[in-house]
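Participant: Mind folding the following:
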Amino acid sequence: MTEQVRIARHNNTLKLENPEKGINILVPILQISEIFALGGASPDNAALSLLSEKSVPLHIFEAGRYKGTWMPYISIVSGQVSLDQYMTLFDEGLALSIAQEIVRGACRLRCGVARNWFPKEDEVWEDRYLNCLSEFYANPKDNAPKVFNTINSLDEDRLTKYIQNVSCYPLVEGIAKATVVSAFSKLSLDPWVSVFSCLDVPSSALWDDLFFLFKPLLVDLWLPMFGEWQGDMNEVPELYRRHFTKSCAQDGKKSWSLRMLPVREGYALISCFVGNTSYRAARRVVIPKDAS
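Facilitator: A predicted model of the protein is given here:
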């Protein structure tokens, strides 16, 4: 949705209303998996109850910025998987080993984007990111704040060097973050128990951890598509479809799109938590061939 609307429940459907612009639409709840309210939304309690019942996230934006998501967590988090998640991530040693793997995967993906953008300077960027990784592996407890600040600074330098106009960045980042958040409606994981909770870094939830991991693919590679964008919100759904449907990983004959990448990573974490496999961050994930 790209207009400000009120969302109400109409039997077992959602009713979108904006009297000023003549919007009055019925949306069958079973035909949607999530809602991006890019122009803002005011859902009533009955609508929120239906969204929760059907496990449909509602992402709300205001003035081009992500404000938050209504998520049906209560119907998802339960049972042995979440218990195994707590036991793993409340063990500092185990949590640190997973944190190291996420930082490794995050640096690898950032190096991949740098190779894509700066083929003549790829070694310079790779050295800078790999230095961060080495410092984090050497002493994650003490070096984490500095390493994360350095990675974020490198990300900003890389973006501003490659992309002239980053005015749409808050919108692009918000939509990407909402996509990661919505992955947890499909996973039996507690979204609030963070891998990085044992470190003094700005991460308060598991979705923050996964967003940090996949940000170069979900945000950085998407930004160039907005080079000629004039701010028309009606163009954003098509831009989203074109980018987030790109294939970036494969398990046997199954391909995974950028949109489903956080879900795939959630399955990998679940397998690690229950003791089936060791965790390998962003396993077999590649830069999409048609990346901008």
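Participant: Pull out the buried residues from stretch 259-267.
Facilitator: Judged by neighbour count using 16 or more other CB atoms under 10 Å, the buried positions of stretch 259-267 are 259, 260, 261, 262, 263, 264, 265, 266. Any C-beta I mention is one placed from the backbone N, CA and C, and that applies to glycine too.
Participant: Name the spans of the stretch 51-200 of the chain whose pLDDT lies under the cut-off.
Facilitator: For the stretch 51-200 of the chain, residues meeting the criterion pLDDT under 70 lie at 72-78.
Participant: From the rest of the structure, what touches the strand or helix carrying residue 153?
Facilitator: Here residue 153 sits within helix 140-162, counting by DSSP states H and E. Residues outside helix 140-162 that contact it (CB atoms under 8 Å, 6 or more residues apart in numbering) are 96, 99-100, 103, 106-107, 110, 113-114, 117-118, 125, 128-129, 132, 135-136, 166, 169, 196, 198-202, 215-216, 220, 223-224.
Participant: Buried among the residues you listed? Need that as a selection in ChimeraX.
Facilitator: Listed next is the ChimeraX selection for buried residues among these, using 16+ other CB under 10 Å:
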select :96,99,100,103,106,107,110,113,114,117,118,125,128,129,132,135,136,169,196,198,199,201,215,216,220,223
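Participant: Sort out which of the contacts of helix 140-162 are in helices and list them.
Facilitator: Using DSSP state H, the subset of the contacts of helix 140-162 located in helices is 96, 99-100, 103, 106-107, 110, 113-114, 117, 125, 128-129, 132, 135-136, 169, 215.
Participant: Can you tell me who residue 251 pairs with across the strands?
Facilitator: residue 254 (DSSP bridges).
Participant: For burial, what's the neighbour tally of it?
Facilitator: Other residues near residue 251 come to 11 when the count uses other CB atoms under 10 Å.
Participant: Hmm, it is touching residue 284, no?
Facilitator: Yes: assessed by CB atoms under 8 Å, residue 251 is found in contact with residue 284 at 7.3 Å.
Participant: C-alpha coordinates for the helix or strand residue 60 falls within, PDB please?
Facilitator: Taking DSSP H and E as the definition, residue 60 sits inside strand 58-62. Output of strand 58-62 as PDB, limited to C-alpha atoms (Å, rounded to 0.1, in the frame of the first residue of the first chain):
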ATOM      1  CA  LEU A  58       2.100  -5.600   9.000                       C
ATOM      2  CA  HIS A  59       5.000  -3.200   8.300                       C
ATOM      3  CA  ILE A  60       4.200   0.400   8.900                       C
ATOM      4  CA  PHE A  61       6.100   3.300   7.300                       C
ATOM      5  CA  GLU A  62       5.700   7.100   7.800                       C
END
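Participant: that older thread, could you dump the buried residues of stretch 259-267 into a markdown table with distance to residue 241 and pLDDT added?
Facilitator: Listed next are the buried residues of stretch 259-267 as a markdown table, based on distance: CB to CB, whole Å; pLDDT from 0 to 100:
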| residue | distance to residue 241 | pLDDT |
| --- | --- | --- |
| 259 | 9 | 96 |
| 260 | 14 | 96 |
| 261 | 15 | 97 |
| 262 | 17 | 97 |
| 263 | 17 | 96 |
| 264 | 19 | 97 |
| 265 | 21 | 97 |
| 266 | 22 | 96 |
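Participant: between the residues you listed, which is nearest residue 42?
Facilitator: Residue 42 lies nearest to residue 259 out of those, by CB to CB, at 26.4 Å.
Participant: quick one: contacts for that closest one?
Facilitator: By CB under 8 Å, 6+ apart, the neighbours of residue 259 are 179, 244, 245.
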